[in-house]
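S.K.: model this:
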Amino acid sequence: MAERIVTHAEIERVLPGIDVVAAMERAFATYAAGRAVVPPVGELLFADPPGDAHIKYGYVEGDEVFVIKVATGFYDNPKWGLPPNSGLMLVFDARTGLPQAVLLDQGHLTNIRTAAAGAVAAKYLAPKAISTIAVLGGGLQARLQAVHLMAVTACRRIALWARRREAAEACAADLTAAGFTVTVVDSPAAAAAEAELIVTATAATAPLLQAADIRSGTHITAMGSDTETKQELSTAILGKADLVVADSIAQCRVCGEISRALAAGAVDQAALVELGDVVAGKAPGRTSDDQITVADLTGVAVQDIEIAKAVLAGLE
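M.R.: I've put the predicted structure just below:
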């Protein structure tokens, strides 16, 4: 492919033709098989105004390209009418090092691949019978997580909590339009009390859920804690779980829910399982409906590689 700049509008046109859940399954299986070279995440944290920038990059052995992704989150942006997330992806020829494409996705591909990863986790780890999905968060990712779950579960009932009631109501309206029946609840514990599948999609820096909030047979996908400063689950939840799954054990040792639980001695690193091994059938996922399972999704560069390749293939 000749060097080109791909606009956000072009990316939006291509995405409906991509099975992003299947793409993330491939990404995780590739990573767990050791075929992806993924260096540690580069990270910038900002206090005033609050924000972060992540640099994720890598390549898959035998691929023709490698990818560098920059994703930003600045949480006061909506006060000024700006989106909280942005970013871009840079695609290079793996044989020559020459740039092939700049994907001006404004963080959209990161949002989509993150939501699709949540669907993968639920596909392999959630119980078969789900009456209610608890969603913690009222932002775009909370919406996307719910919508992408439609591909892997027939459940269309959501108990929704967000820190700001107005954000929760707006999110509930959008998810209702998408086909869900949504109840806005007053606390994270109230959402968890109704659910067999919990998705946490917040920027919380202190636990929203405690071990006593989690019922037997529940699966939790925690995806908001992608820096050392964030935490959505108490470490006791991971200690209580029958199975704790990481998107990347190496990465989850330094950020995410697992890093906190390891530091607290609540979990044993030897017992951790990678999601890609579950997808590939090399490790068991949920083995009974009464298990408590947790997936810690911190976001791995191989996901960005896979979705960038899919977008470029769709443009050809």
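
S.K.: Please count neighbours and contacts with C-alpha atoms only from this point.
M.R.: Fine.

S.K.: Identify the residue nearest the geometric centre of this structure.
M.R.: By CA atoms, centre = their mean, the chain has its centre lying nearest to Thr114, at 3.5 Å.

S.K.: and the gap between that one and Trp80?
M.R.: Thr114 sits 25 Å away from Trp80, going by CA to CA, to the nearest Å.

S.K.: what's the answer for Thr181, then?
M.R.: Thr181 is 32 Å from Trp80, by CA to CA.

S.K.: Could you check which of the two has the larger neighbour count?
M.R.: For Thr181 and Trp80, the more surrounded residue by other CA atoms under 10 Å is Thr181, and the numbers stand at 16 against 8.

S.K.: okay, the closest residue to the more buried one other than its chain neighbours: pLDDT?
M.R.: Distances taken as CA to CA, 6 or more residues apart in numbering place Arg157 nearest to Thr181, at 4.8 Å, with adjacent residues excluded. In this model, Arg157 is scored at 98, pLDDT.

S.K.: likewise the one 3 residues further on?
M.R.: Listed pLDDT for Leu160 reads 98.

S.K.: who's in contact with the helix or strand encompassing Glu25?
M.R.: Using DSSP states H and E, Glu25 sits in helix 20-32. Contact partners of helix 20-32, identified using CA atoms under 8 Å, 6 or more residues apart in numbering, comprise 36, 60, 112-113, 116-117, 119-120, 247, 274-277, 279-280, 302-303, 306-307, 310.

S.K.: One more: stretch 267-283?
M.R.: Contacts of stretch 267-283 (CA under 8 Å, 6+ apart): 25, 27-33, 121, 124, 238-239, 243-249, 258, 261-262, 284-285, 295.

S.K.: Which strands and helices lie in contact with the host helix or strand of Glu166?
M.R.: Using DSSP H and E, Glu166 sits in helix 165-177. Contact here means 3 or more CA pairs under 8 Å, 6 or more residues apart in numbering; DSSP states H and E; on that basis helix 165-177 packs against helix 140-149, strand 157-161, strand 181-184.

S.K.: Nearest to Leu98, out of those?
M.R.: helix 140-149 (33.2 Å; CA to CA).

S.K.: Centre of the chain to the closest one, how far?
M.R.: Relative to its chain's centre, helix 140-149 lies at 10 Å (CA atoms, centre = their mean, to the nearest Å).

S.K.: Just the buried positions in stretch 9-28, please.
M.R.: Glu10, Ile11, Leu15, Val20, Val21, Ala23, Met24, Glu25, Arg26, Ala27, Phe28 (16 or more other CA atoms under 10 Å).

S.K.: Pipe these into CSV and attach pLDDT and distance to Pro49 per row.
M.R.: Shown next, in CSV, are these (pLDDT from 0 to 100; distance: CA to CA, whole Å):
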residue, pLDDT, distance to Pro49
Glu10, 97, 31
Ile11, 97, 30
Leu15, 97, 32
Val20, 97, 33
Val21, 97, 34
Ala23, 98, 35
Met24, 98, 33
Glu25, 98, 36
Arg26, 97, 37
Ala27, 98, 34
Phe28, 98, 34
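
S.K.: Using CSV, lay out those residues together with distance to Gly224.
M.R.: Shown next, in CSV, are the buried residues of stretch 9-28 (distance: CA to CA, whole Å):
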residue, distance to Gly224
Glu10, 28
Ile11, 24
Leu15, 23
Val20, 20
Val21, 19
Ala23, 21
Met24, 18
Glu25, 20
Arg26, 22
Ala27, 20
Phe28, 18
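
S.K.: List just the nearest of the residues you listed to Val65.
M.R.: Closest to Val65, out of all of the buried residues of stretch 9-28 and judged by CA to CA, is Ala27, at 14.6 Å.
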